[in-house]
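J.: 3D, please:
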Amino acid sequence: MSGEEYNFTDLSLDRLRRRRSAKWTFWPDDVLPAFVAEMDFPLARPVKEALVQAIELDDTGYSNASASGLADAFAAFADRRFGWEVDPEQVTATTDVVGGLRALLDLATGPLEQVIINPPVYFPFFSIIPEVGSEILEVPLDEKGRLDLDGTAAAFAGGARAMILCSPHNPTGSVPARTELERLAEIAAESDAWILADEIHAPLTLPGATHTPFLDVSPAARECGICVTSASKAFNIAGLSCAVIVTASERARRLVSRLPAGATHPGHLGVIASQAAFESGDQWLDQVRDQLDFNRRLLSDLLAGHLPAARYRPPEAGYLAWVDAGELDLGPDPASEILDRARVAVSSGPGFGSGGEGYFRLNIGTSPQLVEAAVRSISEIA
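T.: Numbers count the residues shown, from 1 in each chain. All right, here's what the predicted structure looks like:
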């Protein structure tokens, strides 16, 4: 493996504004975007080289994920990064994590059956559950940002058929402990319910925390659980449309085998990029994690210096900072005031559901200079 060092600190704003992704085109040029979950860092060299090679070969047709080596690459990655033994035969490619979850919900739940979510939580969950005819049942995180296991047990005992587990959690960045996940598996198994684990942020678990794959915690978890994850967040390739669904039991494999064709047809370039990331992206990923560790500590210092009334618990995983602005006199949805007056685009706290009022989510997957620019701009209106 080469000793290549990546530059994650000297990012040209002019160059970033030449990008055509949602982050850099949704708002006018006088707005600093720090909302949507994509990073500003340069791509991992193995990923870029794999994509360039595909373009040079005019290789932009339909994907054939089963023949690509993607499943083997993911299994090896899971073993290296998490100590998780995955059977490649139980890895199924899908379009993206949200699409995979939606398709699984359509099979795992029936009309008007309840699906548990843990707000404040990733806002697409509020859409995909009613889209399949099921009902949302909120079991909010506790005051420390942890799972309410007693509330979850009561919800399953009351008839809930499934739960979407966001682990690591978005937007809080919390990482459930193994003991929490073991108990969650027991609770779900007792009610013959499903846990659909969104583990998309797992590769970005930061120093001081340990990600435990849900399917790895117990036999009960393997029976009731299905994992949906992707290289997209960790390697910044969300626009290429590829994720994986992982099972660890015959029961779960049978459910996945019933997925419609459209749910198992990822983008060809997404398959190519994901395989390259899983096979050869470790060195880049380690450097990204180091940068995010620095950025989360930097944000603590910046808030203490410029926005001392804001409250912030540094994320245990990922590059999304969940900031309590309730004491900044910016209203129930601080993102609106921050956009209008500070010209910084952050994500709306209330958009993540119960517990989001007074909060905003700030993307720190960028250079320290741009993190500081965002905080300084917000401080001028607070």
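
J.: residue ranges of each domain in the protein, please.
T.: Domain segmentation of the chain under automatic domain parsing yields 13-43+282-379, 49-280.

J.: same question for the last one, mean pLDDT?
T.: It refers to domain 49-280. Taken as a whole, domain 49-280 has a mean pLDDT of 98.

J.: relative to the whole chain's centre, how far out is that domain?
T.: Centroid separation for domain 49-280 versus its chain: 10 Å, with CA atoms, centre = their mean, to the nearest Å.

J.: same thing with the shortest one?
T.: Using CA atoms, centre = their mean, the mean C-alpha position of domain 13-43+282-379 is found 15 Å from that of the whole chain.

J.: so what would you say the end-to-end distance of that domain is?
T.: 21 Å (CA to CA, to the nearest Å).

J.: got it, and the longest one?
T.: Looking at domain 49-280, the gap from its leading to its trailing residue is 11 Å under the measure CA to CA.

J.: repeat for stretch 349-364
T.: Taking CA to CA, the first and last residues of stretch 349-364 lie 16 Å apart.

J.: and Ala321, that's in a strand?
T.: Yes - judged by DSSP: H, G, I helix; E, B strand; the rest coil, Ala321 forms part of a strand.

J.: how about the contacts made by Pro42?
T.: When contacts are counted by CB atoms under 8 Å, 6 or more residues apart in numbering, Pro42 is found next to Tyr6, Asn7, Phe8, Lys48. (Each C-beta comes from the backbone N, C-alpha and C, glycine too.)

J.: could you find the closest non-adjacent residue to the second one?
T.: The one in question is Asn7. Closest residue to Asn7 in three dimensions, ignoring its sequence neighbours and counting by CB to CB, 6 or more residues apart in numbering: Pro42, at 7.0 Å.

J.: could you tell me whether that neighbour really is in a helix?
T.: No - Pro42 is assigned coil when assessed by three-state DSSP, not a helix.

J.: and it, how far from Leu339?
T.: As judged by CB to CB, to the nearest Å, Pro42 and Leu339 stand 27 Å apart.

J.: let me know the next secondary structure element after the top helix by length along the chain.
T.: Of all the elements of type helix in the chain, the one with the most residues (DSSP state H) is helix 282-306. On the C-terminal side of helix 282-306, the closest following helix or strand by DSSP states H and E is strand 311-312.

J.: residues contacting that following strand, please?
T.: By CB under 8 Å, 6+ apart, the surrounding residues in contact with strand 311-312 are Leu299, Ser300, Leu303, Ala321, Trp322, Val323, Asp324, Gly326, Glu327.

J.: circling back: any chance of TSV for the contacts of Pro42, columns distance to Ala188 and neighbour count?
T.: Supplementary listing: these in TSV, determined by distance: CB to CB, whole Å; neighbours: other CB atoms under 10 Å:
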residue	distance to Ala188	neighbour count
Tyr6	40	15
Asn7	44	11
Phe8	39	22
Lys48	41	14
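
J.: show me which of those residues is closest to Ala177.
T.: Among those, Phe8 lies closest to Ala177 (CB to CB), at 29.5 Å.

J.: what's near enough to touch Phe126?
T.: Counting by CB under 8 Å, 6+ apart, Phe126 has contacts Ile117, Ile136, Gly353.

J.: run a quick neighbour tally on the last one.
T.: For Gly353, the neighbour count with other CB atoms under 10 Å is 20.

J.: how about Phe214?
T.: Close neighbours of Phe214, defined as other CB under 10 Å, add up to 30.

J.: swap in Ile117?
T.: 22.
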